[in-house]
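Chemist: need a structure here:
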Amino acid sequence: MTADSDSRALGAFLKARRAQLTPKECGLPETDSARKVAGLRREEVAQLAAISVDYYTRLEQGRVRASVPVLTTLARALRLDDDQQHYLYELAGRSDAHPRRRRPAQRLRPAMRRLLDQLTETPALVLGKRLDILAWNPAAIALYTDFAAIPANRRNYMRLLFTNPVVRQLHQDWAHDAREAVAALRMEAGADPDDDDLAHLVGELSLQDADFRTWWAEHRVSSASYGTKHYRHHLVGDLTLDCDTWTSPDGSGQRLMILTAEPGSPSHDALRILTSWTMQQPSSDRTGDLPR
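Modeler: Model (predicted):
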């Protein structure tokens, strides 16, 4: 086939595949409005793949050649199996660029677990790639939410910040904190632009939240490892906590996030009261491996 016919075939394949999927299958919110097309709309595929609607439209129309990273995110967004992915790459003229192998599970480092177990009055989390929450201590449950009740593949700090009402309402200045978190995630995206799981997370949040779409498009980046958080907890009231993050030196990308209060301050007293109400839980309830 010629390059033009290949482009047309790729567009036809993309269009046919999105027609086979429902919003529910892709984790998208249902709407009451009538759908004019079968399956997913172009804008929904574009947002799931974290690309612009215009770019995706031109792909379907055969007016642009897809890059390997875009093919990777499209394969993820359209739920393609191995054969379909191979076909997609061939149609795009990228048959020599095979999809990346499945990444090993993010497993909590034993040293991180020991640190969490020793922090009894200080909320602490272990964050992995894409700000996935790998582990937590009882004090973090008291401050945030019961992480064990959230499926492991949904246990992500960014996702909770934007979609969990309890976590969202905890932040006195949610817009500031969320925007800074987006900048941190954008920094991580720059370090690993081919991470299709990160692209899926970005697409999902872009579809669900207008603020995320706006802030992600700003391309702000931040590597800040410390700052101050202002919370309003439904049990103990206002809390002003210092947030410090330490990165593991082993290259795993795991980070220990600890929240502390100035000794003798009202926030320190409130934090002690809050954590004293939380019963110690078995370690099995405070950690979980993630797919990648």
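
Chemist: May I see the buried residues of the host helix or strand of residue 15?
Modeler: If you go by DSSP states H and E, residue 15 is part of helix 3-19. Residues of helix 3-19 classed as buried by neighbour count (16 or more other Cβ atoms under 10 Å): 6-11, 13-15, 17-18. (Each C-beta comes from the backbone N, C-alpha and C, glycine too.)

Chemist: how far out from the middle of the chain is it?
Modeler: 29 Å (Cα atoms, centre = their mean, to the nearest Å).

Chemist: pLDDT (mean, whole number) over the helix or strand following it?
Modeler: Downstream of helix 3-19, the first helix or strand assigned by DSSP H and E is helix 42-48. Averaging pLDDT along helix 42-48 gives 90.

Chemist: Same check on stretch 88-98?
Modeler: Rounded mean pLDDT across stretch 88-98 is 76.

Chemist: Residue 207 looks like it's in a helix, true?
Modeler: Yes: with DSSP: H, G, I helix; E, B strand; the rest coil as the criterion, residue 207 is assigned to a helix.

Chemist: which residues sit in contact with it?
Modeler: Taking Cβ atoms under 8 Å, 6 or more residues apart in numbering, we find residue 207 in contact with 28-29, 44, 47-48.

Chemist: wait, which of those residues is closest to residue 205?
Modeler: Residue 205 lies nearest to residue 47 out of the contacts of residue 207, by Cβ to Cβ, at 9.1 Å.

Chemist: Next one, pLDDT for the nearest residue to that closest one once chain neighbours are set aside please.
Modeler: Nearest in space to residue 47, with sequence neighbours left out and distances taken as Cβ to Cβ, 6 or more residues apart in numbering, is residue 207 at 4.1 Å. On the pLDDT scale, residue 207 is placed at 85.

Chemist: Okay, buried residues for the helix or strand containing residue 269 please.
Modeler: In this structure, residue 269 is located in helix 266-276 according to DSSP H and E. The neighbour-count check on helix 266-276 (16+ other Cβ under 10 Å) flags 267-268, 270-271, 274-275 as buried.

Chemist: Can you lay out these as a markdown table showing pLDDT and distance to residue 171?
Modeler: Below are the buried residues of helix 266-276 laid out as a markdown table (pLDDT from 0 to 100; distance: Cβ to Cβ, whole Å):
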| residue | pLDDT | distance to residue 171 |
| --- | --- | --- |
| 267 | 97 | 15 |
| 268 | 96 | 19 |
| 270 | 95 | 16 |
| 271 | 93 | 16 |
| 274 | 90 | 16 |
| 275 | 86 | 19 |
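
Chemist: Among those, which one lies nearest to residue 124?
Modeler: The closest of the buried residues of helix 266-276 to residue 124 turns out to be residue 275 (Cβ to Cβ; 11.0 Å).

Chemist: First-to-last residue distance for stretch 253-268?
Modeler: End-to-end distance for stretch 253-268, by Cα to Cα, to the nearest Å: 30 Å.
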